[in-house]
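>>> with the input below, show me the fold.
(2 chains)
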Protein chains: 2
Amino acid sequence: MRATVINGPQDIRIEEVPDPVVQQPTDAVVRVVNACICGSDLWAYRGVADRAPGQRIGHEFIGFVEAVGAQVAGVRTGDFVVAPFVWSDGTCEYCREGLQTSCPRGGFWGGVGPDGAQSDGGQGEAVRVPFADGTLVKLPEETATDQALLPSLLALSDVMATGHHAALAARVRPGATVAVVGDGAVGLCGVLAARRLGAGRIIALGRHQDRTAIAREFGATDVVAERGEAAVEAVRELTGGQGAHAVLEAVGTEESMRTAISIARDGGAVGYVGVPHGGSAGVEIGQMFGRNVSLGGGVAPARAYIPELLADVLNGSITPGLVFDRTVSLAEVPEGYRAMDDRSALKVRIAL
Amino acid sequence: MRATVINGPQDIRIEEVPDPVVQQPTDAVVRVVNACICGSDLWAYRGVADRAPGQRIGHEFIGFVEAVGAQVAGVRTGDFVVAPFVWSDGTCEYCREGLQTSCPRGGFWGGVGPDGAQSDGGQGEAVRVPFADGTLVKLPEETATDQALLPSLLALSDVMATGHHAALAARVRPGATVAVVGDGAVGLCGVLAARRLGAGRIIALGRHQDRTAIAREFGATDVVAERGEAAVEAVRELTGGQGAHAVLEAVGTEESMRTAISIARDGGAVGYVGVPHGGSAGVEIGQMFGRNVSLGGGVAPARAYIPELLADVLNGSITPGLVFDRTVSLAEVPEGYRAMDDRSALKVRIAL
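Sure thing, here's the model as predicted:
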């Protein structure tokens, strides 16, 4: 079969790789219908995050179960499913608590699993799924042919779940004033998640008009185009000098973290889900201490959130698929990376 | 009257200063019965925190109201009271929410208030208290003569309230495994606060046997004497490799913050109340992200907590006053600083 591999910075290729097969009785093989490119894939594309030459890439996909191991009971061949961006066994203490990202037998698609083996990436024709029962979430059969719905189902793999995680970590409450740092797909889904949780006011920080237009569609009441100190001043002016009760940080740089902490109201919380590439330098601990601003978040346990978010996708109350503004074929994936890297695309969907 | 002033590093003096008087109709003057020296005073004593030569010092005291302004309604002359380490107006949005440390008209004893004026310190014969109604908490009249109770009432000013804040920020829940970094008075009160909130297991990190003995009396079930990496390993061994659900950080150095984050269980929280003198270098953001460890806390709104903690002091369920292991007169305060600085005293009470 064909799959996306990364050979080095800016070197994304579609190559012939071995067909995945059931190796463990808890495995499934999923034939991919839709995958996508994530902002976090760009860290590898830009050479900021290390990848071994030839490593598989992509961690978001929906598709049909093609084969299952003998012990798989939750899904069967032919089922339409969504995979969270981390697989997990579904039985350990962390999985039972809803923190599947800490499952000791779990791993990231395209990465090296705890067994030392290289796993399949999501940007390919098929994926071997370890612990299928713990990992996959079944989708209603009829949704597989609903072309308008597929993008929103795909968004559950990562960006919508991650935006929701940021909103929970930032302790968004009904009526709260929320600020979202970052107008990428996760930031936009954070806006949507905040609205879903009942935020009274949502200030989106972003400079790209096409993106902030989506933010407004998702529920943003205000948009701040400034960055750095000017952004902090703008948010404070919008909030009577106080800042936002809840701040979602969806970028992961030193500056974005500093901005997020600086625009939080005293006693408020920052929920961060941008993979932190700025180290802790932007973590303004003196401000946090004096103003009792807390910092929570991290890698989102998407598996825990998919059922409730799926319900809202199906009933039409959220449409996270609007973050996809381009669709490519598998052969066009390298072009998709280029488009996301130069920001001519917000988020690229891969239709197989 | 006489009061403690700091003229420079290691230069603590008892000097004659003007008697405090009611300046604003919301002021009270409190004649101090007991004050004490705080671990945070040592940052100034050691020259790490700047103080102007001749600045007043001390921020914990109990005493009798000696005079009140015309608008003071909550306390009257002769009342026995405790002051939290920050004064606050009691009427602003933050005060009403219980975050009195963010009151825009509030300030720290011994510091410069928002009006630009130098305030009185707690380590003196009397203190002018701004916003007496918002700041002071009345104590039962009969407690003033209960010598065994005075230390625990005094501890409400700061250390017990701060330990409680750490425990809340670390999200201590009934049955939780809790770890406390630091065996100073705040760390010990953190142990007590964790027990009070129903922690199932409390691991105290500390090397001083006389202090860890108090930790055990306050409810610690385990003591770890190691530091740094060895401490992390010891806590992980005690917790089946997972770490503690809730970690209280009560030191404020780079190493203590790193240790606190490293011993937190995935999905757990660190509540930090040690004034952060290590900057953000010890904030292990990569660990926090991957393991969903959150970080909260800061300067404790003691005023919000005193009523409920006082109730437990009065009914005998907590005895935070055990952290005081030496009592000095006002004239002996310089010796008290030396004793705390060289760790021959845990916490020094000043009996006036």
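
>>> phi and psi next, for the closest residue in space to residue A:69 that isn't next to it in sequence.
Computed as C-beta to C-beta, 6 or more residues apart in numbering or on different chains, the closest residue to residue A:69 that is not its neighbour in sequence is residue A:25, at 3.9 Å. All C-beta spots, glycine's among them, are computed from the backbone N, C-alpha and C. Here is the backbone geometry of residue A:25 (degrees, to the nearest 10): phi -60, psi -10.

>>> what's the answer for residue A:281, then?
Per degrees, to the nearest 10, the backbone of residue A:281 is at phi -60, psi -30.

>>> and the pLDDT at it?
If you check residue A:281, the pLDDT there is 87.

>>> residues in contact with the closest residue to it other than its chain neighbours?
Among residues not flanking residue A:281 along the chain, residue A:254 sits closest, at 4.8 Å (C-beta to C-beta, 6+ apart). With contact taken as C-beta atoms under 8 Å, 6 or more residues apart in numbering or on different chains, residue A:254 is in contact with A:278, A:279, A:281, A:282.

>>> likewise residue A:45?
Neighbours of residue A:45 in contact, by C-beta under 8 Å, 6+ apart: A:6, A:9, A:10, A:12, A:337, A:341.

>>> in helices only, show me those residues.
A:337, A:341 (DSSP state H).

>>> now render the contacts of residue A:45 as CSV, adding neighbour count.
Formatted as CSV, those follow (neighbours: other C-beta atoms under 10 Å in any protein chain shown):
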residue, neighbour count
A:6, 24
A:9, 12
A:10, 13
A:12, 23
A:337, 26
A:341, 16
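
>>> mind putting the contacts of residue A:45 in TSV, pLDDT and distance to residue B:301 included?
Formatted as TSV, those follow (pLDDT from 0 to 100; distance: C-beta to C-beta, whole Å):
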residue	pLDDT	distance to residue B:301
A:6	97	50
A:9	95	49
A:10	96	51
A:12	98	52
A:337	98	49
A:341	97	46
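
>>> so which of the contacts of residue A:45 also contact chain B?
Within the set of these, contact with chain B (C-beta under 8 Å from any C-beta of the partner chain) is found for no member.

>>> so who does residue A:251 touch?
A:181, A:182, A:184, A:187, A:257, A:274.

>>> again, 6 Å this time
Residues in contact with residue A:251, defined by C-beta atoms under 6 Å, 6 or more residues apart in numbering or on different chains, are A:181, A:182, A:274.

>>> so which of those residues belong to strands?
Mapping the contacts of residue A:251 onto strands (DSSP state E) picks out residue A:181.

>>> stretch A:221-241: end-to-end distance?
Stretch A:221-241 has an end-to-end distance of 18 Å (C-alpha to C-alpha, to the nearest Å).

>>> show me what counts as buried in that stretch.
By neighbour count on 16 or more other C-beta atoms under 10 Å in any protein chain shown, the buried set for stretch A:221-241 is A:221, A:222, A:223, A:224, A:227, A:231, A:232, A:234, A:235, A:236, A:238, A:239.

>>> got a list of what the fourth one touches?
By C-beta under 6 Å, 6+ apart, the contact set of residue A:224 is A:203, A:205, A:231, A:234, A:235.

>>> measure the residue nearest to residue A:69 to chain B for me?
According to C-beta to the nearest C-beta, to the nearest Å, residue A:25 stands 27 Å off from chain B.

>>> re the thing from before, so of the buried residues of stretch A:221-241, which ones are in strands?
Short answer: these in strands (DSSP E) are A:222, A:223, A:224.

>>> sorry, back to before: format the contacts of residue A:251 as TSV; extra columns: neighbour count, pLDDT and distance to residue A:112.
As requested, the contacts of residue A:251 are arranged in TSV below (neighbours: other C-beta atoms under 10 Å in any protein chain shown; pLDDT from 0 to 100; distance: C-beta to C-beta, whole Å):
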residue	neighbour count	pLDDT	distance to residue A:112
A:181	33	98	31
A:182	27	96	28
A:274	26	88	23
